[in-house]
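Enquirer: next comes the sequence, and after it the predicted model I'd like to discuss.
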Amino acid sequence: METILAFDIGGTKIAILEGGYHATVLQRREIATRAQDPFETTFERMCAQADAVLAEARNAGRTPGAISVSIGGPLQIEPGIILAPPHLPTWDNVPLKRLLSERYHLPAFVEHDGNAGALAEHRFGAGRGARHMIFLTAGTGFGGGILIDGRIHRGASDTAGEVGHIRLADYGPREFGKVGSWEAFCSGAGMVKWAHWQMPTRWPDTLTIREFVTQALAGAPDAQRIVRECGRWLGRGLAILIDTLNPDVIVLGSLAVALGDLLLQPAREVIWRECLPQAAAACRVVPAQLGTRLGDVAALMAAINAHQAQPFAQRASLFQRTLQDSVNTLARLDQIAHMIEQTATAICDALLAGHKVIVFGNGGSAAQAQHLAAELAGKYGPARRPFPCIALTADSSVVTCIANDFGYDNLFSRQVQAFTQAGDIVIGITTSGKSPNVIKALDIANDLGALTIAMTGSAGLVGGRAAHVLAVPGDSTARIQEAHAFIMHYWCDRLEERIADDG
């Protein structure tokens, strides 16, 4: 039986467990975090427990086949690098994924605890069936995970969901690096600081969240007053998320599970006062259904999530995988849509004003250059007048002459010198962004007063300059070239539209 070795790493405790791919927990150990200890010390302590878990698993005939980690951010998720989370200050730039994988010779998967909790509740808890869901850890720290259309949204730098950093007030305790942050009012660490802030003689700065919650649940009036205040702060932050993201459900972890409506009812009241009514009506605010199991299930989710993707990859034919890769690359063109629009407008303006397009590239990019020339000088859609477009690889005599007499690096620059006039459009295509002959030609075209466009991959144009650089977000040459063809066809669509509008 294959199982998962999992770590739930928090600011207060670290759980080390063995579990299955259906979120069953087979064994579990726990150590105090001791957040001020050097990372190396804590790593050895948790690995000592992991060694014992692995030994017991193997004695029982089970084989852990993957490592799964849930940990607070900020972090770089794919490489699994931890970037000094507020409650783990000595874990600075720690390559945790690599360290665990090398130590145990197993594939390792690392996930932000907010994302891991969101995945856990979405698959096994209160978020089942929701399309748009937000999960908030509400533990020692205060982070979150956001699912949009059932998929985790990580953002451009893996910091989507770090909602604890939002400032709600210009006063109050300091958490997550700033006074008055959401974490300062609604995390476990923040709640006890807020209690001390309000009543320093009643609540000493040595107060633990466990002690405070125990008193609140026992009915202590001043403790319950603090909880209700924190609930109202919670509601203010939730109202922002609800109006912004319009989720079906918001699920809250640890503190909401322990305190229930004592914390959540004041939050719901604020939501109804602050939110758009239709957004508030569409959103449930509930404690995590997994309850005290949440941390353990979340710890398993990075590996479970990767495992769920695996069967599709194994079953999918080469055709299906290639098709999906292409669709994904084209979808990412939305990131540079504004630049595609700008270049489309510039090309239309130039051609309709009597200027020409000069286009060039090597190999497959040469074929694409000739493709664009055919669309413009020939016919793309309905019959219309031809537009001048020169592909600089189409004349074999010129190509071989320049390459032989002047060197291949001058293949395009010499032709650009011969044909370019101010106001022309000069397009250089290089998927790597590094082709010397393309870069040199673009530089000369700039000097001649042409408007230059570079079509590249994600690296951009390396070592040269162009007025517009259309860097397709991708690394596969084939997928980049497919995106370049899409962009060229879009330029033609815009040109046909302009001609129709002009009558």
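Expert: That came in fine, so what should we check first?
Enquirer: any chance you could map the helices in the stretch 101-250 of the chain?
Expert: Assignment of helices within the stretch 101-250 of the chain using DSSP state H, counting those that start in this stretch yields the ranges 113-124, 182-186, 188-198, 209-217, 221-245.
Enquirer: low pLDDT regions in the stretch 301-450 of the chain?
Expert: 309-318 (pLDDT under 70).
Enquirer: which residues in it form helices?
Expert: Going by DSSP H, counting those that start in this stretch, the stretch 301-450 of the chain shows helices at 318-331, 337-352, 364-377, 396-406, 411-419, 436-447.
Enquirer: these: which one's closest to residue 265?
Expert: Comparing those against residue 265 with CB to CB, the closest turns out to be helix 318-331 (41.6 Å). Bear in mind the C-beta positions are built from the backbone N, C-alpha and C, glycine included.
Enquirer: how about that closest one, which residues are buried there?
Expert: 326, 329-330 (16 or more other CB atoms under 10 Å).
Enquirer: ok, stretch 484-493 next?
Expert: 484, 486-488, 490-492.
Enquirer: ok, stretch 259-269 next?
Expert: So, applying 16+ other CB under 10 Å, buried residues of stretch 259-269: 259, 262-264, 266-268.
Enquirer: which residues are contacting it?
Expert: 213, 216-217, 224, 227-232, 234-235, 238, 252, 255-256, 285-287 (CB atoms under 8 Å, 6 or more residues apart in numbering).
Enquirer: would TSV of the buried residues of stretch 259-269 with pLDDT and distance to residue 127 be doable?
Expert: Formatted as TSV, the buried residues of stretch 259-269 follow (pLDDT from 0 to 100; distance: CB to CB, whole Å):
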residue	pLDDT	distance to residue 127
259	95	20
262	96	22
263	96	19
264	96	16
266	97	23
267	97	18
268	97	18
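Enquirer: which one among the residues you listed gets closest to residue 125?
Expert: Out of these, the member with the shortest distance to residue 125 (by CB to CB) is residue 264, at 15.8 Å.
Enquirer: state the distance from the closest residue to residue 57 other than its chain neighbours to residue 67.
Expert: Leaving out its chain neighbours, the residue that sits closest to residue 57 by CB to CB, 6 or more residues apart in numbering is residue 18, at 5.2 Å. As for residue 18, its distance to residue 67 is 11 Å (criterion: CB to CB, to the nearest Å).
Enquirer: and for those two, which residues touch both?
Expert: 4-6.
Enquirer: for residue 384, see how far away residue 361 is.
Expert: 26 Å.
Enquirer: between these two, which has more neighbouring residues?
Expert: residue 361 (26 against 12; other CB atoms under 10 Å).
Enquirer: distance check, residue 52 against residue 46.
Expert: Taking CB to CB, one finds residue 52 at 11 Å from residue 46.
Enquirer: Provide the backbone phi and psi angles at the closest residue to residue 435 other than its chain neighbours.
Expert: Once flanking residues are discounted, residue 435 sits nearest to residue 362: 5.7 Å by CB to CB, 6+ apart. Note on residue 362: its backbone torsions stand at phi -110, psi 150 [degrees, to the nearest 10].
Enquirer: now, which of the buried residues of stretch 484-493 lie within strands?
Expert: Members of these lying in strands (criterion: DSSP state E): none.
Enquirer: which of the residues you listed sits closest to residue 346?
Expert: Distances from residue 346 to the buried residues of stretch 484-493, taken by CB to CB, are shortest for residue 491, at 9.6 Å.
Enquirer: wait, the closest one touches residue 343, no?
Expert: Yes. If you go by CB atoms under 8 Å, residue 491 and residue 343 touch, sitting 7.1 Å apart.
Enquirer: where's residue 116 relative to residue 157, distance?
Expert: 18 Å.
Enquirer: name the residue in these two with the higher neighbour count.
Expert: Higher neighbour count among residue 116 and residue 157: residue 116, with 32 against 10, using other CB under 10 Å.
Enquirer: and the gap between that one and residue 260?
Expert: On the measure of CB to CB, residue 116 and residue 260 end up 23 Å apart.
Enquirer: repeat for residue 325
Expert: Taking CB to CB, one finds residue 325 at 46 Å from residue 260.
Enquirer: tell me the contacts of residue 409?
Expert: Counted by CB under 8 Å, 6+ apart, residue 409 has contacts 436-437, 440.
Enquirer: redo that, cut-off 6 Å
Expert: 436-437 (CB atoms under 6 Å, 6 or more residues apart in numbering).
Enquirer: how close does it get to residue 264?
Expert: Taking CB to CB, one finds residue 409 at 68 Å from residue 264.
Enquirer: what does residue 439 give?
Expert: With CB to CB as the criterion, residue 439 and residue 264 are 59 Å apart.
Enquirer: same check on residue 489?
Expert: Residue 489 is 52 Å from residue 264, by CB to CB.
Enquirer: same deal with residue 190?
Expert: If you go by CB to CB, the gap between residue 190 and residue 264 works out to 17 Å.
Enquirer: likewise for residue 464?
Expert: 57 Å.
Enquirer: can you check residue 120 too?
Expert: For residue 120 relative to residue 264 (CB to CB), the value is 19 Å.
Enquirer: do the same with residue 176
Expert: Relative to residue 264, and taking CB to CB, residue 176 is found at 22 Å.
Enquirer: stretch 422-442: how far from the chain's middle?
Expert: 31 Å (CA atoms, centre = their mean, to the nearest Å).
Enquirer: for it, which positions count as buried?
Expert: Neighbour counts over stretch 422-442 (16+ other CB under 10 Å) mark 424-442 as buried.
Enquirer: surely residue 472 and residue 483 touch.
Expert: Yes. Here residue 472 reaches residue 483: they are 4.3 Å apart, a contact under CB atoms under 6 Å.
Enquirer: spatially nearest residue to residue 295 (excluding sequence neighbours)?
Expert: residue 8 (4.6 Å).
Enquirer: got phi/psi on that neighbour?
Expert: According to degrees, to the nearest 10, residue 8 has phi -110, psi 100.
Enquirer: would you list the helices of the stretch 301-450 of the chain in CSV and tack on distance to residue 303?
Expert: Formatted as CSV, the helices of the stretch 301-450 of the chain follow (distance: least, CB to CB, whole Å):
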stretch, distance to residue 303
helix 318-331, 22
helix 337-352, 36
helix 364-377, 39
helix 396-406, 53
helix 411-419, 50
helix 436-447, 44
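Enquirer: closest to residue 168 out of these?
Expert: helix 337-352 (33.0 Å).
Enquirer: in the closest one, what's buried?
Expert: Buried, per 16+ other CB under 10 Å, within helix 337-352: 339-340, 343-344, 346-348, 350-351.
Enquirer: and what of stretch 496-503?
Expert: Buried residues in stretch 496-503 (16+ other CB under 10 Å): 498-499.
Enquirer: and if you look at stretch 22-30?
Expert: Neighbour-count burial for stretch 22-30 flags 23, 25-26, 28-29 (criterion: 16+ other CB under 10 Å).
Enquirer: please apply the same query to stretch 38-47.
Expert: 39, 42-43, 45-47.
Enquirer: wait, which of those is closest to residue 334?
Expert: For those, the nearest to residue 334 is residue 39 (38.9 Å; CB to CB).
Enquirer: low-confidence ranges, the stretch 101-250 of the chain, go.
Expert: Using pLDDT under 70, the stretch 101-250 of the chain has no residue that qualifies.
Enquirer: so what pairs up with the residue nearest to residue 293 when sequence neighbours are not counted in the strands?
Expert: Counting by CB to CB, 6+ apart, residue 293 lies nearest to residue 25, which is 7.4 Å off, once chain neighbours are set aside. Residue 25 has these beta-bridge partners by DSSP bridges: residue 19.
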